[in-house]
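# Kindly generate the corresponding structure for this input.
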Amino acid sequence: MAIEFIGIAATQETSESGSRTPVTGRDGVSTQTETEHAAGPVVQPGYLRELARAHEESGFDRVLVAHSSASPDGFTVADQILTHTERLGVLLAHRPGFVSPTLAARKYATLDAFHPGRIALHVITGGDDADQARDGDFSDKPTRYRRTDDFLDVVRKEWDSAEPFDHEGEFYRVKGGFSAVRPAAPIPVYFGGASAGAVRVGGKHADVYAFWGEPLAGIAERIREVRAAAAPYGREPRFSVSLRPIPAATEEQAWDRAREILRLTEERVGGTARAFNLDHSAQRGSQRLLEYAAQGDVHDKRLWTAIARTTGAAGNSTALVGSYEQVAESLLDYVSLGVSTLLIRGFSPLADARDYGTLIDLVRAGAERTGAGRLKVPA
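This next block holds a predicted model:
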C-alpha cells in the first residue's frame, strides 16, 4: 500500500511565541494553534511559496488548504502553491452551500486542467454554527449534511457527464448542466466527520475518509463503521488519520518539547482565544477526543492527548511524542490498520515541514521493510 503524506498550507508566517487570534477556522483542519504567533499580513505570498516548497522537498504528497469564513480564498491559494512547485498536490477544502455545485465542479476541473492530477477536493460540511453564520448560513447540522449529499451528486455529474444533464434534488435543481472542462482522471474526494450524518454521506461519496488522531482501537472502530456505510454503494474508501507529531533525536528531548508546547498552550487558551474558539462540544469528533483525553494523557505507545484536553479538542489536536524512530513506528501502527493517508502538521509550520522529511523517510522505509497494511482491520 502506498502511503500518502499531507501537510498544511498557510499564507501567514507563524511561530510559537503565542497568539490569541486563529487565522483560519477549524474546518478542514485549522492552520494555527494557540501556541502560534501570527506576524505580518494575513496573505504573505513569499511565505506561502517557501512553506509549499519545504513540504515538497520533505517528500509530502499534498498540502491541505483549509477553509473558514475569515480565511483567504482557497482557490487562489491553491493555484499559487501549484504554480510554484513541481509535483506537490493540493487538498483544497470546500464548504458546500455558498457556491453552486456546477460552478464549484468547474473551478476544480479548471485547476486540474492547469495542474493535471494535483488537485483533490476536501468536503467540509461545517460543524461550527457561528462560523457558518459569519457567511450567512443558518441551517442546522442535519440540513447541512443533506445539502452536502445533494451538492456532491451534482459535482460528480458535472465532472463525469459528456452530455447535458438534469438534476432535481432537495437543495439543487439543474437543467441542462454541462461542463466544457472535465478532469482527465477522477478528482479524489476527501471527507471527514464522526457523526452518524457524516458517516452516511461520506460512505456514499468519499474516496478518502479522514479521522482525527484517535487511539488505534478507536480508528479501527471508525474504519469498520465507514466501510459498512460505503458497502451498499459498492465503494471501498481509503482512510486518513490527522496527527501532530513531536519527534526529536531522543524520547527525552521530544517530551521536553511537548511539555513546553503544552505550557505555552495553557497560558493562551483563556480569554480571547476561548471566546473565539467557540463550543467544540457540538462536534462529535471533538467529543471523542475529549473522551479519550479524560481517560489519560497518553494512549497506546505515545499518542498524547494533553493538547486536545487543554484546547477543547479544537480539530487536529493529538500528538505522537518520541524519537524519530518511535514516532515513525507509531505512524506505521495506523498504516497496519488500513490507513493509507497521514496528515501531519507541527506547531511551527515551516520548521516542522522541513524536519518531517526525516520522519517521512523512516515511515516509507519501514513500510517497505515490514509490509504496510498486513494487520488491516477486518470488514
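# which residues are in contact with stretch 162-169?
Asp150, Asp153, Val154, Lys157, Arg173, Val174, Lys175, Gly176, Gly177, Phe178, Arg182 (C-beta atoms under 8 Å, 6 or more residues apart in numbering). (C-beta placed from N, C-alpha, C; glycine too.)
# List buried residues within the residues you listed.
Asp150, Asp153, Val154, Lys157, Val174, Gly177, Arg182 (16 or more other C-beta atoms under 10 Å).
# Closest one to Glu50 out of those, please.
Minimum distance to Glu50 across the buried ones among the contacts of stretch 162-169 is 33.6 Å, recorded for Arg182 (C-beta to C-beta).
# helix/strand/coil for the closest one?
coil (DSSP: H, G, I helix; E, B strand; the rest coil).
# Following element in sequence after the lowest-mean-pLDDT helix or strand in the chain, please.
Lowest by mean pLDDT, DSSP states H and E among the helices and strands of the chain is helix 271-277, with a mean of 39. Using DSSP states H and E, the helix or strand that follows helix 271-277 in sequence is helix 284-295.
# Output the contacting helices and strands for that next one.
strand 208-212, helix 306-311 (3 or more C-beta pairs under 8 Å, 6 or more residues apart in numbering; DSSP states H and E).
# Mind doing that once more with 6 Å?
With contacts defined as 3 or more C-beta pairs under 6 Å, 6 or more residues apart in numbering; DSSP states H and E, helix 284-295 has these neighbours: helix 306-311.
# Give me the distance from the helix it packs on to the chain's centre.
Relative to its parent chain, helix 306-311 has a centroid offset of 18 Å by C-alpha atoms, centre = their mean, to the nearest Å.
# I'd like the next helix or strand past that helix.
strand 319-323.
# what comes into contact with that next one?
Residues outside strand 319-323 that contact it (C-beta atoms under 6 Å, 6 or more residues apart in numbering): 243-246, 250-251, 254-255, 258, 302, 304, 327, 330.
# ok, 8 Å please
For strand 319-323, the external contacting residues (C-beta under 8 Å, 6+ apart) are 213, 243-251, 254-255, 258, 301-304, 307, 327, 330-331.
# Which parts of the top helix by length along the chain count as buried, going by neighbours?
Using DSSP state H to define each element, the chain has its longest helix at helix 349-370. By neighbour count on 16+ other C-beta under 10 Å, the buried set for helix 349-370 is 349-350, 352-360, 362-364, 366-367.
# Out of these, flag the one nearest to Gly7.
The shortest approach to Gly7 among these belongs to Ala353, at 5.7 Å (C-beta to C-beta).
# Check the closest one and give its pLDDT.
On pLDDT, Ala353 comes in at 98.
# any idea how far the nearest residue to it once chain neighbours are set aside is from Ala10?
Distances taken as C-beta to C-beta, 6 or more residues apart in numbering place Ala54 nearest to Ala353, at 4.3 Å, with adjacent residues excluded. Taking C-beta to C-beta, to the nearest Å as the measure, Ala54 falls 11 Å from Ala10.
# more neighbours, these two?
Of the pair Ala54 and Ala10, Ala10 is the one with more neighbours under other C-beta atoms under 10 Å, namely 30 against 21.
# Checking that one next. Helix, strand or coil?
Following three-state DSSP, we place Ala10 in the coil state.
# how near is it to Gly40?
Ala10 sits 12 Å away from Gly40, going by C-beta to C-beta.
# Please state the offset of stretch 288-295 from the chain centre?
Once both centres are worked out by C-alpha atoms, centre = their mean, stretch 288-295 turns out to sit 20 Å from its chain's centre.
# So what touches it?
Residues from elsewhere that reach stretch 288-295 (C-beta under 8 Å, 6+ apart): 194, 212-215, 218, 281, 299, 305-306, 308-309, 312-313, 317-318.
# on that earlier part again, could you work out the most separated pair of the contacts of stretch 162-169?
Maximum pairwise distance among the contacts of stretch 162-169 (C-beta to C-beta): 21.5 Å, between Arg173 and Arg182.
# quick one: buried residues of stretch 323-331?
Going by neighbour count (16+ other C-beta under 10 Å), the buried part of stretch 323-331 is Ser323, Tyr324, Gln326, Val327, Ala328, Glu329, Ser330, Leu331.
# For stretch 331-349, what is the distance to the chain centroid?
Worked out by C-alpha atoms, centre = their mean, stretch 331-349 lies 11 Å from the chain centre.
# Quote the end-to-end distance of that stretch.
Taking C-alpha to C-alpha, to the nearest Å, stretch 331-349 runs 19 Å from one end to the other.
# Let's test this: mean pLDDT of that stretch, rounded?
The model assigns stretch 331-349 a mean pLDDT of 97.
# same check, this time on stretch 105-120
Stretch 105-120 comes out at a mean pLDDT of 98.
# All further residue positions should be reported with the first residue as 6.
Right, with 6 as the first residue, what we last looked at is stretch 110-125.
# then stretch 316-326 to PDB, C-alphas only?
Output of stretch 316-326 as PDB, limited to C-alpha atoms (Å, rounded to 0.1, in the frame of the first residue of the first chain):
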ATOM      1  CA  THR A 316      -7.900  23.400  23.800                       C
ATOM      2  CA  GLY A 317     -11.300  21.600  23.900                       C
ATOM      3  CA  ALA A 318     -10.100  19.300  21.100                       C
ATOM      4  CA  ALA A 319     -10.200  22.100  18.600                       C
ATOM      5  CA  GLY A 320      -9.600  20.000  15.500                       C
ATOM      6  CA  ASN A 321      -6.300  18.200  14.800                       C
ATOM      7  CA  SER A 322      -5.000  18.300  18.400                       C
ATOM      8  CA  THR A 323      -3.500  14.900  19.300                       C
ATOM      9  CA  ALA A 324       0.200  14.300  19.100                       C
ATOM     10  CA  LEU A 325       2.700  11.500  18.800                       C
ATOM     11  CA  VAL A 326       5.700  12.200  21.000                       C
END
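# so where is this protein shaky, pLDDT-wise?
Within the chain, the segments meeting pLDDT under 70 span 20-42, 132, 275-287, 377-384.
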